[in-house]
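Visitor: fold the following.
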Amino acid sequence: MSENKFPEYITFPRTFEKYRWYKPILVFIIATIVYVILQALIFVIFGQAYGFDNIFTLATQGYESLNSEVGSYIGYLSVAIFIPSLYIASLIVRDRPFSSYSSSRGGWNWKLFFKSLPIPLAVYIIYEIITALIYGQKGPNTLTLTFFIICMIIVPLQCIGEEYIMRGLVMQTFGSWFKIPVLAIVLQSIVFTSLHPYSILGVIGVFIQGICLGFLTWRSNGLEASSAIHSVNNLISAYFVALGFEVSSSVITPYDFASTIFVSVISTLLLYYIGTKKGWFEEKTEKLW
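Guide: Next comes the predicted model:
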């Protein structure tokens, strides 16, 4: 596999075949329709349980809603449903198997995903400890065993779902149309950034994070490594917010901006270096998902 090309799962051999160019767009449209239906279902369920007025208030708070337990559940589930949305769309359009969005190694590799977790986990925990020592506790400790367990399940699914859409469907589509890796990575990062309504520093930070995740997806031949970094980032953030050492906000401070970029770049480079050296990204996936 040539190093200056996208892996097979990103570059379609028959991309410019007559009429074939519209298939990814059709997948996106159908996935969006399914997503809206599932999103409405989430709001109905939580609205019945907690009151529709409360849920509507949380929905209009932006990232501040992640400071509450219910807001966190809704926020994470609202992204996790990207997975069934894309899966259903791929079944309907039948342009390519759903597993091809995962990697060029034969589908999703859980072993690689779990092997990729410790490296960014160490980096992010060190960062959070240093930040806690500098700023101390910013709010009350609201962490419960229920919240800990539920987040352990839904946050990784949220991050994997976002990777399937951004570094799966979006980046692969751009890669197949233009066949220029750098352009595809930049374009998907622009789309990724547009979905994160932060202040200007936050927008720049998300764009750089998107570049890091796109680069890692390209060089690792799949979504598992980028999903691992993404999962660690969101999971550690959720727990430290619950512990009171962080506050989720749409307004990003210069310190948060600089430190977030630092840990994102370091985690990406370390994982890429170690994974490449140990041959993690060349392993074939025996069981598809």
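Visitor: drop to CA atoms for contacts and neighbour counts, all remaining ones
Guide: Will do.
Visitor: now do the helices in the stretch 151-289 of the chain.
Guide: Assignment of helices within the stretch 151-289 of the chain using DSSP state H, counting those that start in this stretch yields the ranges 171-178, 181-194, 200-220, 224-243, 254-277.
Visitor: buried sites along the longest one?
Guide: Along helix 254-277, the positions that meet the burial threshold by neighbour count (16 or more other C-alpha atoms under 10 Å) are 257, 259-261, 263-269, 271-272, 275.
Visitor: out of the helices of the stretch 151-289 of the chain, the one nearest residue 159 is which?
Guide: When the helices of the stretch 151-289 of the chain are compared by C-alpha to C-alpha, helix 224-243 sits nearest residue 159, at 5.4 Å.
Visitor: surely residue 203 meets residue 196?
Guide: Yes. If you go by C-alpha atoms under 8 Å, residue 203 and residue 196 touch, sitting 7.1 Å apart.
Visitor: what's around the closest residue to residue 173 other than its chain neighbours, how many residues?
Guide: Closest residue to residue 173 apart from its sequence neighbours, by C-alpha to C-alpha, 6 or more residues apart in numbering: residue 24 at 6.4 Å. Burial measure for residue 24: 21 neighbouring residues, criterion other C-alpha atoms under 10 Å.
Visitor: name the SS class of residue 24, please.
Guide: helix (DSSP: H, G, I helix; E, B strand; the rest coil).
Visitor: next one: residue 141
Guide: coil.
Visitor: so what's it up against?
Guide: Residues near residue 141 by C-alpha atoms under 8 Å, 6 or more residues apart in numbering: 242, 243, 244.
Visitor: now do it, the pLDDT please.
Guide: Per-residue pLDDT puts residue 141 at 93.
Visitor: repeat that for residue 111.
Guide: The model's pLDDT for residue 111 equals 93.
Visitor: next one: it from residue 235, what distance?
Guide: Residue 111 sits 19 Å away from residue 235, going by C-alpha to C-alpha, to the nearest Å.
Visitor: quick one: which of those two has more around it?
Guide: Neighbour count, other C-alpha under 10 Å: between residue 111 and residue 235, residue 235 has more, with 21 against 12.
Visitor: so where is the chain shaky, pLDDT-wise?
Guide: 1-21, 285-289 (pLDDT under 70).
Visitor: hmm, try it at 80
Guide: 1-22, 106, 179, 283-289 (pLDDT under 80).
Visitor: re earlier: more neighbours: residue 203 and residue 196, which one.
Guide: Higher neighbour count among residue 203 and residue 196: residue 203, with 22 against 15, using other C-alpha under 10 Å.
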